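1. okay, predicted coordinates and the sequence, questions at the end:
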Amino acid sequence: MNPAAIRFVLFEPTHPGNVGAAARALKTMGFARLELVNPVSHADAAARARASGALDVLEAASVHASLREAVAGCGLVIGASARHRRLGIAELDPRDCAREALAASGAGQVAIVFGPERSGLSNAELDLCHALVYIPANPAYSSLNLAAAVQLIAWELRAAQGLVPDTPPPEAPPATIEDMELFYEHLQRVLLASGFLDPGNPRNLMRRLRRLFNRSRLDRNELNILRGILAALAPGSGARAWDGDGPGAPPGAGRGTAGEGDAP
Ligand code: SAH
């Protein structure tokens, strides 16, 4: 368990006050790593006022141009959603989210991602998530203020710290977001070349496959096996970006390349 490996990502927050309040929420719970994706603004007067004694966390926040960049290196990405979604992504409650995140933090980096105040996370962002966390609030009004949601998730992470036993290191580190993206690109190339994926009528095939594999939370060895299978079935298909050399790799393969703005 390594709570310092857990980062909090705010995706396209529109109200700087919420960013400041989120910084404060993190610091009060002993966390410090805040990542922002395309914030409207983040360290302006409103943000600073709401950050109060957590100005250091606010000022140290990194700003990214994409969610992919903000979750780089992560082996577990959990998206926070203000509503139930029927998307084939595992949904955790805050307590289980805390346990999963802490358990995973011993072996790799972890991100918890929060959506914009108005719209929440869209499918494109959820494509990068292994699981969702939903705070089971009033079913008739379950949308918390962004910083309040951050506070609650951060509190659960703090409360669980004494409860999660240290797990032995896994056999292989988790596949990172970058590993997974290379795999999806490879898979798509093979599916296109085979004719199974029709570019004229792709339906939701790649999204469904992402959900399937993200749910499995593959480790690097497992991912290398899958890439090895793709490379064996479609020789040359993996040469572009594969750097896999795990047990699944064929010999010689790879190595290359309102108020606070919350909607009601
Ligand atoms: N109107 C948006 C809500 C956005 S609230 C929607 O319907 O999706 C801003 C962010 O706070 C959400 O994207 C989510 O990350 C977090 N959040 C708010 N309420 C939450 C809840 N009940 N459970 C988990 N996250 C929540």
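-> That came through fine.
2. show me where the chain has its strands.
-> 6-11, 34-37, 62-64, 74-80, 90-92, 109-114, 131-133 (DSSP state E).
3. between those, which gets nearest to residue 53?
-> Judged by CB to CB, the one of the strands of the chain that comes nearest to residue 53 is strand 34-37, at 14.6 Å. (Each C-beta comes from the backbone N, C-alpha and C, glycine too.)
4. show me how far that closest one is from its chain's centre.
-> 12 Å (CA atoms, centre = their mean, to the nearest Å).
5. related to what we said a few turns ago, closest one to residue 223 among the strands of the chain?
-> When the strands of the chain are compared by CB to CB, strand 74-80 sits nearest residue 223, at 11.0 Å.
6. can you tell me what sits against that closest one?
-> Strand 74-80 is contacted by residues 7, 71, 89, 92, 97, 100-101, 104, 107-115, 121, 125-126, 128-135, 149, 153, 173-177, 217 when judged by CB atoms under 8 Å, 6 or more residues apart in numbering.
7. 6 Å instead?
-> Residues from elsewhere that reach strand 74-80 (CB atoms under 6 Å, 6 or more residues apart in numbering): 71, 97, 104, 108-114, 121, 126, 128-133, 149, 174, 176-177.
8. what does stretch 31-42 give?
-> 7-14, 16, 19, 23, 26, 57, 61-64, 67, 70, 154.
9. so for residue 235, which of the strands of the chain sits nearest?
-> strand 74-80 (29.6 Å).
10. pLDDT on that closest one, on average?
-> Mean pLDDT, computed over strand 74-80, is 98.
11. select the longest helix from the chain.
-> The residue-count maximum for a helix in the chain (DSSP state H) belongs to helix 177-194.
12. what's the angle from that one to strand 109-114?
-> Calculated by axes from the mean of the first three to the mean of the last three CA atoms, to 10 degrees, helix 177-194 forms an angle of 80 degrees with strand 109-114.
13. tilt between helix 177-194 and strand 74-80?
-> Counting by the same axes, to 10 degrees, helix 177-194 lies at 90 degrees to strand 74-80.
14. counting by contacts, list what helix 177-194 packs against.
-> Applying 3 or more CB pairs under 6 Å, 6 or more residues apart in numbering; DSSP states H and E, we find helix 177-194 packed against helix 220-233.
15. please identify the buried residues of the helix it packs on?
-> Within helix 220-233, the residues scored as buried using 16 or more other CB atoms under 10 Å are 220-228, 230-231.
16. next one: stretch 41-55
-> Of all the residues in stretch 41-55, those buried under the rule 16+ other CB under 10 Å are 42-43, 46-48, 50-51, 54-55.
17. cool, stretch 190-201 as well?
-> 190-191, 197.
18. so where do the helices sit in this structure?
-> 16-28, 45-51, 55-60, 67-70, 94-105, 123-126, 146-159, 177-194, 205-216, 220-233.
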